[in-house]
Structure formats: C-alpha cells, structure tokens
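Chemist: Please work out how this folds:
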Amino acid sequence: MARILITSALPYINGIKHLGNLVGSMLPADVYARFQRQRGKEVLYICATDEHGTPAELAAAAAGQDVVDYCAEQHEIQKRAGEAFGLSFDHFGRSSNAPNHRLTQHFAHVLEEKGLIEERTDEQVYSIDDKRFLPDRYVEGTCPHCDYEKARGDQCDNCGRLLDPTDLKNPYSAVSGSKNVEVRETRHLHLLQARMQDRITGWLETKTDFPSLTVSIARKWLKEGLRDRAITRDLKWGIPVAHEGKPREGFENKVFYVWFDAPIEYIGATEEWASANNENWERWWRIDKGADDVKYVQVMGKDNVAFHTVSFPATILGSEEPWKTVDALKSLNWLTWYGGKFSTSQGRGIFMDQALELLPADYWRWHLMANAPESDDASFTLEHFAGVVNKDLADVLGNFVNRITRFCKARFGEEVPSEGDYGEAEAALIKELDGRIKTYTDCLEAMEFRKAFFELRSIWVAGNEYLQIAAPWTAIKEDKERAAASVRCALNLIVLFAALSRPVIPFTAEKMFAIFGLDPDEASAWPSSAADALSRFGGGQAFTPPEVLFAKIEDDQIDAWRQQFGAE
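Modeler: Here you go, the predicted structure:
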C-alpha cells in the first residue's frame, strides 16, 4: 500500500512512563515508522496522551492542581520525554482535544441510531466514605474465579478473566481502601457488543497479518462471548454525554468511559495534526476519501489488545460508516523489572526520564528492541542490560567505527583512500551482506523485532570479521593498495551500518553520518544492494574520526543503580 498509518497505544496521562511502557508500544512503533520512512513510504505516526477518567482526577487532586492544568502539564512532560528518546511522532496529541470530543459524541449518536446503544440501569459499587461511584478499576477485591485477592473491577490480572465490579468478593475502594461500599443503581449507556459477535469474528478472520499473540487474545474474548459494556461513567472529567452541543437528559453529570473515547482519539489526533499542517485527515481514515490505499498498523501491549480487536472495531464497524480499520496489530508481552512489576510508589524500576539521566537514549533503545518481549514476558535486569550494551554496541559496532577511522587517519590521513580494487574478500562480504540485509528488511517489515536486530548485529559482526580477514594493518606492510581498498570498504561500511541502524539507534546513526559530513535524511535511504553501498566513496572524501561512540558500563555503575532503583 502507498501510505502507512501507525498508531501506538496512548500512554496514560498519570505520570512519566517506565521502560516497560516504552517497549510495549511507543518504541517499536517508532522503529517501524523510521524504517518505513527510510524506504520512501509516506508515513503518519500518531499518538497522544490518554487524559480522561478517575486516575487523572485523583492524581490532580494529590498534586493540588485543577485536572485541566494537571493534564496540560503532564502532557508536556511526556511529550518532552518522547522527544528525548527519539520517538518520531508526526503528532503527539491529547485525548481531551476538541476533535475527540466531537468524534466520540458522533460515534455514540450513530451507534445508537443503528440500535447498538441503549440505556440500562446498572448496579454499581458506591463508596460511602469517598462519596462517589467507583469506576471498574477503582474497585478491588477477590476474583470469583481464581481467588486472587487483588483483582480489579474490570479484569483479574492473575487469571485474565473479564469482570464487573459487582462480581468481586470482599470489594473495597482502591481510592481510599475503605470497605464501606455498597451497590447502588445508576443509569448508563451500553454498547451492545454481543450483537456484533459474528461480525467481529468475521472481521478478525480476514486479518492474516495479525501475530499469534494478538489473535489468541482476540479469540479468547470471542470464545467467551462478547458482553455488552457500559460506555459512560459517573464522573466529571471526560467527554460529556451530548450530541451537537446538547446534553443528554439524565446524563448531565456523566461522561463517556475512557475506553470508549481513547481509541477514537487516534482519529482525533490525526485531525488535529491535519489542521496544523494544512492536510486532509480524512484521506487517512475514510475509505470514501482515499484511505483505501492506507495500511493501518497498531502497536500495543497485550493488555490493550482486547479493546482494539473487539471494542474499537465494534465502534467503527457498528457505525456502518466507511472508516478505515486496522490491517496489522503488533502486540507485545510485558517487560518486567527483575521478574516483578515496575512501581513508581515503591521505587522499583527505571522510568523514561530517569533512564536518560544515566545514559543516552540509544543505549536503552537498542537493548529494549533487541530483547523485545515478543514471544513471552521478558525480565529487565541491569546486569543483562550492561552485558548487551557492552558487547553489541561498544565491542562490535563502536569498536569497528573507532578502529577503522583511527587506523585510516594514522596511515592514509583523514580522507577515504582511492588506491586499489576490491577483491575476493569484498565479494564474499557483499554476498553475505546482501542475504543478511534482505532478512533484516523482511523481519522489520513483519515487525519481528528480536529477529531483526539479531540480524543487524550479525551485519555489524560481518564487518568486524571482514576487517580481521582483510587485516589492513598487516597488508599495508607489503601491499599498500590492497590495504587502501580494504580501508575504503570499511569506511563505506560505516555509512551502510548507519543507514541500517537508524531505525533503532538514530542518534548514533547521525554521529556516524557526521563522520563524513553527510545529511542523515539523504544518506539513510534503505540500501538496494551491498555492492552499491560499498561503492559510495571512491576515494578522496574527507572524514573526521569520532569520539568513542559507546562507553562501557562498569560494575560499580550497576551496583549503584541496583540500589537506586530497587533491583532484587
């Protein structure tokens, strides 16, 4: 398809995100977006802060701020953190924006017209001490299925079952811990997902690009049978239950449930981007406006999959309007901190802002993507992180770049040597690189990130092995032209490595391009062949040896970080 629309799960507004959040959605989406841009595709990468609901209200109150001011401040903090990590969003919006208000109210109105929304009287948990109805996630108790004692009102993290708050045994308020709760009646709008069971099932069967994790989660929900879900809540902060500016009678003090409005923000953020850039947002989202040539890719952690394979499609398909639906949904498992959960309150784990205080972004980007939690949950440990950085980035890539640039400067000066022709060693290298680049490209296209970056590391290794075979430091004693040719080949490899590495370590790639004074955008077009790449410089091009690209992580640093971040 000609154009690629990419969305990553919206990070919640409540606090800076940790490394698990980063690798679970935003970072892999960024890598894929960068890769496709380098291949010349028209890419639109959209994300936004998810700002509505009880957590935002409570966090604002705890901070002593109005919720509007709190969300505005937190949005800027998250935006800056994303930029510092090199996340190349085309637009990073806010779910509280005007387009999302209008679109959410529009979808609710249309779905009701199609007979897929109805008012119902619900029994909902009310906290007498908190003087408020408690949304699903703010009721906790014992799971009725597996007896897990900290199940939430919407889902049990232990057995994965979907729940209603009234299902819980021994419920209590997660806001205050009060057990002084009771069930009261309240009226809400319900999306009649059960009526969409067959249509969602049929739609899912057409999604042949969905990975097995995505499909297994979606099928589990469908096998259990879709349940009608409330799409409104008794809250003040959110999108009002209204249509064309007119509040719905009896719902004046209610808002749309955050899980109804948050996915719609993908469209809202696109509209916001289009408005700021004199673009047409409908060509990305409306089939009748040109979106039939768009490949839509979503990236998210496994806990978000059900909402994007059931609830959001129910909204889109149920409207019977010509909206674009997702073509490929990349889901990831969880990254844990030494096998346990990241926790802000307990000081366990490293968060995005903290990570960048320790080391540059590319150290984290490489480790997280080379060890992405694709086939199973993955445990982050500082020891493993240091080992990967030291071996892959310092010893393999960094050593190659520093070794050859310094040797060339010492023996040929700060210009690419022109003497000599490529021979058997270069021909063998080109043959190996062509095969590996194809595999690497195919893996990135399929969003199989661990396989892709294993292949990229193998490409770096091939460069080092070539240097060992060519051994210009030995050849120069007897055959200066042979040594010059191998040095020229190795210097060309630096540019090739930079282009191939740019999706995952963009800051380092720019440093590598800068060695030769190259513009990163012009020099990073995806290579068509290794032979062409290794012929970029014929000789005479000036270069400047860089500083050490990657400093090794020392044992005393690891020990200090273990203490600082609660490693167990």
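Chemist: C-alpha only now, for contacts and for neighbours.
Modeler: Will do.
Chemist: Could you tell me which ranges of the stretch 201-350 of the chain sit under the pLDDT cut-off?
Modeler: The model of the stretch 201-350 of the chain has pLDDT under 70 over residues 345.
Chemist: Contact partners for residue 248?
Modeler: Taking CA atoms under 8 Å, 6 or more residues apart in numbering, we find residue 248 in contact with 241-242.
Chemist: Report the buried residues of stretch 45-56.
Modeler: By 16 or more other CA atoms under 10 Å, the buried positions in stretch 45-56 come out as 45-56.
Chemist: So what touches the helix or strand harbouring residue 441?
Modeler: The secondary structure element spanning residue 441 is helix 424-445 (assigned by DSSP states H and E). Outside of helix 424-445, the residues within contact range by CA under 8 Å, 6+ apart are 32, 35, 449, 451-453, 455-456, 458-459, 462-463, 466, 469-470, 486, 489, 529-531.
Chemist: swap in stretch 511-519?
Modeler: Under the criterion CA under 8 Å, 6+ apart, residues 494-495, 498, 520, 523, 541-546 lie in contact with stretch 511-519.
Chemist: of these, buried ones?
Modeler: Buried members of the contacts of stretch 511-519, scored by 16+ other CA under 10 Å, are 494-495, 498, 520, 523, 543, 545.
Chemist: Now, those residues that are in helices?
Modeler: Counted as lying in helices by DSSP state H, out of the buried ones among the contacts of stretch 511-519, are 494-495, 498, 520, 523.
Chemist: So for the helix holding residue 441, mean pLDDT?
Modeler: Across helix 424-445, pLDDT averages out at 98.
Chemist: Can you give the contact residues for the helix or strand following it?
Modeler: Per DSSP H and E, the first helix or strand lying C-terminal to helix 424-445 is helix 449-470. The contact list for helix 449-470, computed with CA under 8 Å, 6+ apart, reads 28, 369-372, 374, 392, 396-397, 400, 425-426, 429, 432-433, 436-437, 439-441, 443-444, 483, 486, 490, 493, 497, 500-501.
Chemist: buried ones in helix 449-470?
Modeler: For helix 449-470, a neighbour-count test (16+ other CA under 10 Å) marks 449-453, 455-464, 466-467, 470 as buried.
Chemist: C-alpha coordinates for that helix, PDB please?
Modeler: The C-alpha trace of helix 449-470 is given here as PDB (Å, rounded to 0.1, in the frame of the first residue of the first chain):
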ATOM      1  CA  PHE A 449      12.000  -7.100  16.100                       C
ATOM      2  CA  ARG A 450      14.100  -9.500  18.000                       C
ATOM      3  CA  LYS A 451      14.900 -11.400  14.800                       C
ATOM      4  CA  ALA A 452      15.500  -8.200  13.000                       C
ATOM      5  CA  PHE A 453      18.100  -6.900  15.500                       C
ATOM      6  CA  PHE A 454      19.800 -10.200  15.800                       C
ATOM      7  CA  GLU A 455      20.300  -9.900  12.100                       C
ATOM      8  CA  LEU A 456      21.500  -6.300  12.400                       C
ATOM      9  CA  ARG A 457      24.100  -7.300  15.000                       C
ATOM     10  CA  SER A 458      25.200 -10.100  12.600                       C
ATOM     11  CA  ILE A 459      25.700  -7.400   9.900                       C
ATOM     12  CA  TRP A 460      27.900  -5.500  12.300                       C
ATOM     13  CA  VAL A 461      29.800  -8.700  13.200                       C
ATOM     14  CA  ALA A 462      30.300  -9.400   9.500                       C
ATOM     15  CA  GLY A 463      32.100  -6.000   9.200                       C
ATOM     16  CA  ASN A 464      34.400  -6.900  12.100                       C
ATOM     17  CA  GLU A 465      35.100 -10.300  10.600                       C
ATOM     18  CA  TYR A 466      35.900  -8.700   7.300                       C
ATOM     19  CA  LEU A 467      38.500  -6.500   8.900                       C
ATOM     20  CA  GLN A 468      40.100  -9.500  10.600                       C
ATOM     21  CA  ILE A 469      40.400 -11.200   7.200                       C
ATOM     22  CA  ALA A 470      41.500  -8.100   5.200                       C
END
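Chemist: Also compute the angle for that helix relative to helix 424-445, please.
Modeler: Angle between the axes of helix 449-470 and helix 424-445 is 170 degrees (criterion: axes from the mean of the first three to the mean of the last three CA atoms, to 10 degrees).
Chemist: what about the following helix or strand past helix 449-470, average pLDDT?
Modeler: Next helix or strand after helix 449-470 toward the C-terminus (DSSP H and E): helix 472-475. The pLDDT scores in helix 472-475 average 96.
Chemist: One more: stretch 100-120?
Modeler: Model confidence over stretch 100-120, given as mean pLDDT, is 98.
Chemist: distance between it and the chain's centre?
Modeler: In terms of CA atoms, centre = their mean, to the nearest Å, the centre of stretch 100-120 is set 29 Å apart from its chain centre.
Chemist: which residues touch it?
Modeler: When contacts are defined by CA under 8 Å, 6+ apart, stretch 100-120 is touched by residues 187-193, 195, 239-244, 260-261, 264-265, 267-269, 315, 318-319.
Chemist: Selection in PyMOL covering whichever of those are buried, please.
Modeler: Of these, the buried ones can be selected in PyMOL as follows, counting by 16+ other CA under 10 Å:
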select buried, resi 187+188+189+190+191+192+193+195+239+240+241+242+243+260+261+264+265+267+268+269+315+318+319
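Chemist: Now name the helix or strand holding the residue located most distally from the centre of the chain.
Modeler: Distance from the centre of the chain peaks at residue 478, with 52.4 Å (CA atoms, centre = their mean). Counting by DSSP H and E, no helix or strand carries residue 478.
Chemist: Repeat that for residue 366.
Modeler: Using DSSP H and E, residue 366 sits in helix 361-370.
Chemist: What's the first helix or strand after that helix?
Modeler: Sequence-wise, the next helix or strand downstream of helix 361-370 (DSSP H and E) is strand 378-380.
Chemist: what are the pairing partners of that next one, and which direction each?
Modeler: Paired neighbours of strand 378-380 in the sheet (DSSP bridges): strand 335-337 (parallel).
Chemist: Next, report how far the strand it pairs with is displaced from the centre of its chain.
Modeler: 15 Å.
Chemist: which element follows it toward the C-terminus?
Modeler: helix 352-358.
Chemist: And that following helix, what does it pack against?
Modeler: Applying 3 or more CA pairs under 8 Å, 6 or more residues apart in numbering; DSSP states H and E, we find helix 352-358 packed against helix 67-84.
Chemist: Name the surrounding residues that touch the helix or strand following the helix it packs on.
Modeler: Sequence order places strand 91-94 as the next helix or strand after helix 67-84, per DSSP H and E. With contacts defined as CA under 8 Å, 6+ apart, strand 91-94 is touched by 45-51, 75, 79, 265, 269-270, 272-273.
Chemist: Show me what strand 91-94 pairs with in its sheet, parallel or antiparallel.
Modeler: Partners of strand 91-94 in its sheet, by DSSP bridges: strand 42-49 (parallel).
Chemist: what's the angle from the strand it pairs with to helix 67-84?
Modeler: Going by the same axes, to 10 degrees, strand 42-49 is angled at 140 degrees with respect to helix 67-84.
Chemist: Centre of the chain to strand 42-49, how far?
Modeler: The answer for strand 42-49 is 11 Å, by CA atoms, centre = their mean.
Chemist: so after that strand, what's the next helix or strand?
Modeler: Using DSSP H and E, the helix or strand that follows strand 42-49 in sequence is helix 54-63.
Chemist: Let's see that next one as PDB, backbone CA atoms only.
Modeler: Presented in PDB, the C-alpha positions along helix 54-63 are these (Å, rounded to 0.1, in the frame of the first residue of the first chain):
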ATOM      1  CA  THR A  54     -10.700   8.700  37.600                       C
ATOM      2  CA  PRO A  55      -6.900   8.300  37.700                       C
ATOM      3  CA  ALA A  56      -6.400  11.800  36.300                       C
ATOM      4  CA  GLU A  57      -8.800  13.300  38.700                       C
ATOM      5  CA  LEU A  58      -7.200  11.600  41.700                       C
ATOM      6  CA  ALA A  59      -3.600  12.400  40.500                       C
ATOM      7  CA  ALA A  60      -4.600  16.100  40.000                       C
ATOM      8  CA  ALA A  61      -6.100  16.200  43.500                       C
ATOM      9  CA  ALA A  62      -3.000  14.600  45.000                       C
ATOM     10  CA  ALA A  63      -0.900  17.300  43.200                       C
END
